[in-house]
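Student: Attaching a predicted model along with its sequence, questions to come.
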Amino acid sequence: MAITVHLSEILKERNMTSKELCAKVGITEANLSILRSGKANGVRFHTINRICYYLQCDVGDILHFDGNLEDCDD
């Protein structure tokens, strides 16, 4: 995967549960789980904005690009 999600690590560092973050951000636990697992096909900027706000982090703390191009065959 060209983009990896490090949300679990940030949650641990901030001593926050997924359930707490979901309540603050306004998303379901199922959707956060999909994002945390890296299986999400997309995420709204609004959602990323709220996650970063409540975790007091930068987008680059959550999403990492490995420098490779990944072909998407939809």
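Tutor: Here it is on my side, so go on. Residues are numbered from 1 along each chain as shown.
Student: all strands for this structure, in order.
Tutor: With DSSP state E as the criterion, the chain has strands at 3-5, 63-65.
Student: Reformat those strands as a markdown table; add mean pLDDT and mean neighbour count.
Tutor: Backbone N, C-alpha and C define where each C-beta goes, glycine included. As requested, these are exported to a markdown table (pLDDT from 0 to 100; neighbours: other Cβ atoms under 10 Å):
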| stretch | mean pLDDT | mean neighbour count |
| --- | --- | --- |
| strand 3-5 | 93 | 14 |
| strand 63-65 | 94 | 13 |
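Student: Distance to Glu20 for the ones you listed - can I get that in TSV?
Tutor: Below are these laid out as TSV (distance: least, Cβ to Cβ, whole Å):
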stretch	distance to Glu20
strand 3-5	18
strand 63-65	21
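Student: Out of these, which gets nearest to Ile34?
Tutor: Ile34 sits nearest to strand 3-5 of all the strands of the chain, at 9.8 Å, using Cβ to Cβ.
Student: which helices and strands does that closest one pack with?
Tutor: If you count contacts as 3 or more Cβ pairs under 8 Å, 6 or more residues apart in numbering; DSSP states H and E, strand 3-5 packs onto helix 29-37, strand 63-65.
Student: same for the last one, what does it pack against?
Tutor: Meaning strand 63-65. On a contact count with 3+ Cβ pairs under 8 Å, 6+ apart, strand 63-65 meets strand 3-5.
Student: which residues touch the strand it packs on?
Tutor: Leu35, Arg36, Ser37, Gly38, Ala40, Ile62, Leu63, His64, Phe65, Asp66, Glu70 (Cβ atoms under 8 Å, 6 or more residues apart in numbering).
Student: neighbours of the third one, just the number please.
Tutor: Looking back up the chat, that one is Ser37. 11 (other Cβ atoms under 10 Å).
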